[in-house]
Structure formats: C-alpha cells, structure tokens
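Engineer: structure of the sequence below:
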Amino acid sequence: MELQALTTWTFMQEVPVPQDIVAMLVQGEQPVTAFKTFRDAAVFTSKRLIVRDAQGMTGKKVEVYSLPYTSINMWSTENAGTFDFNAELELWTRAGHIKVKLGKGADIRRIDQLLAWAVLQSH
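Structural biologist: Numbers count the residues shown, from 1 in each chain. Purely as a prediction, here's the structure:
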C-alpha cells in the first residue's frame, strides 16, 4: 500500500541562505544551507526545515512551512537512475508524509547527510 503524500516540494539546487530568513529564526537557531525551490527557497537550520512558497501572480503572498526535525520519524532517499531524472526524498512526520523531488543541482547524498545530522542530534 503506497501512502499518499501530504505535500510535495521540489529542491532545485543549493543556493546561499536568503538574508530575510534570519527574521524567522529563534534565539540560538542558525541557518545551515538553502535550496532553491520553483518560486522560493527551502532552508535547513540547526533546528528545523523552513520552506517558503511564494504564491499568486506577483508572488507577494507567501506560505511558510516549518518542520522541526524532532517531528521527523523516518526518511528515505532515492537517487536518480538512468531513465528517472529526479532523485527523491520522502519524510514521514507526525504531521504526515512529505515528498521532496530533487533537481539535478541538488545532491541527494548531501541532503541525506544534512537530515541525518539534524534529526539524530535532535532526538
């Protein structure tokens, strides 16, 4: 039985951490790295994954997802194959199932390492 994903994100490539993300961080939280998404960015911090999703024609409406690493129960990664061009990351969380597609510019093993570091230090 395949679980339906609660939401799906796409990380294109690693980019510098957007400066305006600092206003979202709590005391002691540090940005680690960021990935470009279709219209915005996903940022790994020392405490959580923040995904911003610009919406609408102008992109002025922004939805922000905040996933604390403590809520991640399990994850799986799948590298791109010969005919499958995208790598995938799946997260099973207290909130549900999240699928992340990775573009060619996003290194699946780097993300796997980031998640292991983040989740295992937070539990």
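
Engineer: pLDDT weak spots in this structure?
Structural biologist: Counting by pLDDT under 70, the ranges of the chain that qualify are 1-6, 82-85, 123.

Engineer: strands of that one, residue ranges please.
Structural biologist: Applying DSSP state E to the chain gives strands spanning 7-15, 31-36, 41-45, 48-55, 61-68, 72-78, 87-93, 96-105.

Engineer: who are the packing partners of the last one?
Structural biologist: Same thing as strand 96-105. The contact analysis (3 or more CB pairs under 8 Å, 6 or more residues apart in numbering; DSSP states H and E) places strand 96-105 against strand 7-15, strand 87-93, helix 108-122. (Glycine included, C-beta is placed from N, CA and C.)

Engineer: and those: which comes nearest residue 29?
Structural biologist: Checking those against residue 29 by CB to CB gives helix 108-122 as the closest, at 11.7 Å.

Engineer: and the angle from the closest one to strand 96-105?
Structural biologist: Relative orientation of helix 108-122 versus strand 96-105 (axes from the mean of the first three to the mean of the last three CA atoms, to 10 degrees): 140 degrees.

Engineer: ok, and for helix 108-122, which residues are buried?
Structural biologist: 108, 111-112, 114-115, 118-119 (16 or more other CB atoms under 10 Å).

Engineer: nearest to residue 46 among the residues you listed?
Structural biologist: Nearest to residue 46, judged by CB to CB, of the buried residues of helix 108-122 is residue 118 at 7.7 Å.

Engineer: the residue nearest to residue 75 when sequence neighbours are not counted: neighbour count?
Structural biologist: In space, residue 75 comes closest to residue 91 once its chain neighbours are excluded; the distance is 5.0 Å by CB to CB, 6 or more residues apart in numbering. Using other CB atoms under 10 Å, residue 91 has 24 other residues around it.

Engineer: what's the distance between residue 91 and residue 59?
Structural biologist: According to CB to CB, to the nearest Å, residue 91 and residue 59 sit 25 Å apart.

Engineer: hey, which of the strands of the chain is tucked in deepest?
Structural biologist: For the strands of the chain, the largest average neighbour count (mean count of other CB atoms under 10 Å) is found in strand 41-45, namely a mean of 22.

Engineer: appreciated, that's everything.
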